[in-house]
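One predicted model, sequence on top.
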Amino acid sequence: MLASIARRAARPAMSVSRRAMSSESINFTLPVNFKTHECEAPSLEVSATKDELLNYYFDMNVIRRMEITADNEYKVRTIRGFCHLYDGQEAVAVGTAAALDDEDDWITSYRCHGTAYIRGVKVEEVLGELMGREIGISSGKGGSMHLYNTKRNFWGGSGIVGAQVPCGTGTAFANKYRHEQGDGEGQMNVACAFYGDGAANQGQIWESANMAQLWKLPMIFVTENNLYGMGTSVSRHSCTPYYQMGKVIPGIWVDGMDVLAVKQAFEFAKDHAGSGKGPMFMEVETYRYHGHSMSDPGLTYRDRSEVQDVRASRDCIKGLEKRILDHSIATQPELKELEKEARALVNKANKVAKASAFPDPKELYTDIYWQETPKFIRGAEIGTSQYS
């Protein structure tokens with residue numbers, strides 16, 4: 001399970017008092033029922049240690065602050081091009097990571113900053129990539145849509161709508177193949193492909209699901225449903241709930257604004273898919289506070305009051321904060337201190353990213369061709385250009 005403080009170098013060290021609480025487990029009853037298709041529902045009884053809850057709280061605050069920083073830097077043109085922010089959806093990435101192991105594969109769409117962070121990409125590497133700086137996780141050449149951490153089996157965001165799903169299914173095939181080539185005992189590593197509600201009816205998803213079910217692949221298809229696909233509401237473009245779309249494939253709906261519910265649902269799905277029963281469809285209902293991208297004000301197709309109501313009544317960070325306070329896990333001043341730590345971490349990372357150099361122009365030709373750059377490219381004189 002996730003132990004983000006211990007595993008992430010960018011994470012501040014825990015205090016002695018908080019470290020001592022790590023074995024104290026608390027039981028919770030989830031307030032919102034799961035919805036299921038062709039399967040039983042997970043239990044609503046969930047347990048978590050105090051350290052885990054504080055880790056979730058810190059990581060969700062880091063992601064929120066990182067996205068607000070990206071918003072500000074985009075507005076002053078430090079960040080250019082595409083930029084799809086994740087604020088509001090933090091519980092999805094953090095809850096998923098709490099249920100998965102690093103050996104499980106994870107691929108997602110272009111709204112991938114939070115996922116990259118929770119899979120070990122440092123904040124300065126995320127922001128640096130957005131700014132096109134060489135400190136970025138893809139050396140500043142990929143931008144917002146291309147964040148990866150292959151050491152922890154995070155295969156990035158995809159700029160082509162739905163294209164990550166066949167790729168994710170391929171990693172599930174690889175996991176099953178490696179398992180069968182080994183002793184074939186125990187659980188398989190699973191693969192998760194995340195996509196938005198706007199991508200949910202892509203044909204390549206159905207083709208991938210068909211093969212995954214035929215071959216009983218350890219695959220989890222995840223619709224990250226933030227209710228609006230590039231401005232079009234779910235009610236206008238889908239006639240079937242996403243968790244039911246697999247037909248013969250089991251499915252589950254989960255409240256994506258509750259980090260513990262997400263964790264419980266993904267543990268359930270991981271156990272199903274990893275045990276050889278085949279794939280599972282998941283619908284994680286969440287909400288984005290920003291528009292679809294930075295060019296979208298996000299208020300032409302939804303009322304400002306709707307966004308304000310979600311912030312006031314369903315915000316995932318506030319919900320976790322209430323749990324922590326209600327169970328005396330930490331005090332309000334202690335949580336404020338964690339928020340300050342998160343803000344300081346992001347502020348420092350932002351300065352580091354902005355201080356990083358832009359890639360050398362010669363990098364335009366690297367990481368494109370296998371083995372070496374060709375001597376001739378039609379339309380470009382490499383040997384005599386300013387980039388030689």
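Structure's in. What do you need? Numbering: from 1, shown residues only.

what about the strands in the stretch 1-150 of the chain?
Ranges of strands within the stretch 1-150 of the chain are 25-29, 35-37, 45-49, 105-109, based on DSSP state E, counting those that start in this stretch.

Highest mean neighbour count out of these?
A comparison of the strands of the stretch 1-150 of the chain by mean neighbour count, using mean count of other C-beta atoms under 10 Å, puts strand 105-109 on top with a mean of 27. For glycine as for every other residue, the C-beta is placed from the backbone atoms N, C-alpha and C.

Am I right that Val352 falls within a helix?
Yes - assessed with DSSP: H, G, I helix; E, B strand; the rest coil, Val352 lies in a helix.

Burial check on it, number of neighbours?
Val352 has 17 neighbours, counted by other C-beta atoms under 10 Å.

any idea how far it is from Leu100?
For Val352, the distance to Leu100 (C-beta to C-beta, to the nearest Å) stands at 28 Å.

Helices of the stretch 151-300 of the chain, start to end?
For the stretch 151-300 of the chain, applying DSSP state H, counting those that start in this stretch gives helices covering 164-181, 203-214, 259-272.

okay, the ones you listed in TSV with distance to Asp105 and mean neighbour count next?
Listed next are the helices of the stretch 151-300 of the chain as TSV, based on distance: least, C-beta to C-beta, whole Å; neighbours: other C-beta atoms under 10 Å:
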stretch	distance to Asp105	mean neighbour count
helix 164-181	4	19
helix 203-214	13	17
helix 259-272	12	24
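
and of these, who's closest to Thr49?
Among these, the nearest to Thr49 by C-beta to C-beta is helix 259-272 (12.0 Å).

Run through the neighbouring helices and strands of that closest one.
The contact analysis (3 or more C-beta pairs under 8 Å, 6 or more residues apart in numbering; DSSP states H and E) places helix 259-272 against strand 45-49, helix 90-99, strand 219-225, strand 251-255, strand 280-285, helix 316-326.

Can you check which of those gets nearest to Tyr177?
Among these, the nearest to Tyr177 by C-beta to C-beta is strand 219-225 (13.0 Å).

What mean pLDDT does the closest one get?
For strand 219-225, mean pLDDT rounds to 98.

Return the alpha-carbon coordinates of it using PDB.
Coordinates of the C-alpha atoms in strand 219-225 are reproduced here as PDB (Å, rounded to 0.1, in the frame of the first residue of the first chain):
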ATOM      1  CA  MET A 219      -7.200  -5.100 -16.400                       C
ATOM      2  CA  ILE A 220      -9.200  -2.300 -14.700                       C
ATOM      3  CA  PHE A 221     -11.000   0.200 -17.100                       C
ATOM      4  CA  VAL A 222     -11.600   3.400 -15.200                       C
ATOM      5  CA  THR A 223     -13.900   6.200 -16.200                       C
ATOM      6  CA  GLU A 224     -12.800   9.300 -14.300                       C
ATOM      7  CA  ASN A 225     -16.200  10.900 -14.600                       C
END
